[in-house]
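Chemist: Any chance you can model this:
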Amino acid sequence: MNDVIAMLSFDNLLIQTENAPYLGHFERGEIKQALFYVKATAPAGAYRACLILKYKNTLGDEVVSEKHYFEVLINSLEPLRIVKVETKNVGVGLKGDILVDVKNEINYSVRDITFFVISSDSAITPVSSSYFVGELEPGEFGQAKFRLSVSGDAVSGLHRLYLVERYDLGDADDLVSVTELTTFVESKMAYFEILSIQSNLHPDETGDVIVKIKNAGSLTLHNTVVKLELNPPLTIAGGSSLSSLIGQAQPGLYFIGTLKPNQTAVAKFKVDVDKDAGAGFYPINIVAEYYDNEGYMHTSSPITASVEVKEKPLITPLMATAIALAVIGLAIAGRFARRRVKRGKG
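Modeler: Numbering: from 1, shown residues only. Here you go, the predicted model:
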């Protein structure tokens, strides 16, 4: 027999065969193994299966063998049982981890175990989608860990994932089972609010931009850095003049450190204003970079705001001081002059 294909079917429609193994050339008296993947949603019990072989004879004609019936026992006990699912930092706009603990529930070793996580939800994307566990002895526990990225547009609440288990059992290789995982996505855990922006900016001068931010989320942030992004005619003091000429934003960095929920902090920046800058409001972007409790770095969404550049005052603080000192000096000189005049008359 040539081009032999094995085909398995069930009387019960709740049991479906997912493949038809190709056995190739089959000599008389030869023994070959056919591995079928079966998806069963039927209750546990014994079900009749039908096996046929489809092949080509020596003349090249296609032949279908007679039907062979046998009994298949569907067991409600899965080799690998999920005993615990834990999530860490799985929140809107974040990258987090999902940990899946499993146990070998049968009396045989389960070998070459690999887990895959699949998301049908566009709001959740697996960053690391496979995890190799290896072998689990009877009664032994194992753990699979996956990294997930949650969109900033995701809705908090329960989301559906699928865990695919691929393993070897006895003489059968590459067995596959699929389990549904329900994962809870928390509301925005890391969220920044800009409480105030103060600036003292004038053309052809270096001024200050002071930003007060608040951790309005529920996650403690570590090694927090606030980044200020500007565009000409504003640049971070000490930044590259060449970058300013080609219109490339010069980011300024301010280290804050640990920022707990509801805690506020102030970031200060020195900003150069071009001499040709006109008075008015100019856009700025504020971004925060931080680490979560697991040591992973995150970057917040940019917050766009504006700062005002004011015309130089006609009288600067230095000039005002000088004028005040001059007035005081003139007043003292006038007093001395009047005293001399009085003494001369006397």
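Chemist: what comes into contact with stretch 283-302?
Modeler: Residues outside stretch 283-302 that contact it (C-beta atoms under 8 Å, 6 or more residues apart in numbering): 88-89, 93-95, 97, 152, 190, 192, 194, 197, 209, 211, 213, 219-231, 234, 249, 259, 303-307. Using the backbone N, CA and C atoms, a C-beta is placed for each residue, glycine as well.
Chemist: Now a ChimeraX select for only the buried ones of those.
Modeler: A single ChimeraX command selects the buried members of those (16 or more other C-beta atoms under 10 Å):
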select :89,93,94,95,97,190,192,197,209,211,213,219,220,221,224,225,226,227,228,229,230,234,249,259,307
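Chemist: Which of the contacts of stretch 283-302 fall within strands?
Modeler: Counting by DSSP state E, these place 88, 95, 97, 192, 194, 197, 209, 211, 213, 221-230, 234, 259, 303-307 in strands.
Chemist: And the pLDDT at the nearest residue to residue 128 once chain neighbours are set aside?
Modeler: In space, and not counting its chain neighbours, residue 128 is closest to residue 147: 4.3 Å by C-beta to C-beta, 6 or more residues apart in numbering. In this model, residue 147 is scored at 92, pLDDT.
Chemist: hmm, who's touching the host helix or strand of residue 147?
Modeler: Residue 147 belongs to strand 141-150 when assigned by DSSP states H and E. Residues from elsewhere that reach strand 141-150 (C-beta under 8 Å, 6+ apart): 83, 90-104, 113, 115, 117, 119, 123-129, 131, 133-134, 136, 163, 183, 185.
Chemist: one more time with 6 Å, if that's ok
Modeler: The set of residues external to strand 141-150 that reach it, using C-beta atoms under 6 Å, 6 or more residues apart in numbering, is 90, 92, 94-103, 115, 117, 124-128, 131, 133, 136, 185.
Chemist: One more: stretch 254-273?
Modeler: 201, 203, 205-207, 209-215, 218, 220-222, 224-226, 228, 234-235, 237, 252, 309.
Chemist: what distance separates it from the centre of its chain?
Modeler: Computed by C-alpha atoms, centre = their mean, to the nearest Å, the chain-centroid distance of stretch 254-273 equals 23 Å.
Chemist: where does the stretch 1-150 of the chain dip in pLDDT?
Modeler: Where the stretch 1-150 of the chain drops to pLDDT under 70, the residues are 76-77.
Chemist: swap the cut-off to 80 and go again
Modeler: For the stretch 1-150 of the chain, applying pLDDT under 80 flags the ranges 37, 39, 75-78.
Chemist: Phi and psi next, for residue 154.
Modeler: Per-residue torsions, residue 154: phi -70, psi 150 (degrees, to the nearest 10).
Chemist: Next up, phi/psi of the nearest residue to it once chain neighbours are set aside, please.
Modeler: Of all residues not flanking residue 154 in the chain, residue 123 sits nearest, at 3.7 Å (C-beta to C-beta, 6+ apart). Note on residue 123: its backbone torsions stand at phi -80, psi -20 [degrees, to the nearest 10].
Chemist: From residue 288, how far off is residue 123?
Modeler: Residue 123 is 22 Å from residue 288, where distance means C-beta to C-beta, to the nearest Å.
Chemist: quick one, which of those two is more surrounded?
Modeler: residue 288 (24 against 15; other C-beta atoms under 10 Å).
Chemist: And the more buried one, what's its pLDDT?
Modeler: As predicted, residue 288 sits at a pLDDT of 90.
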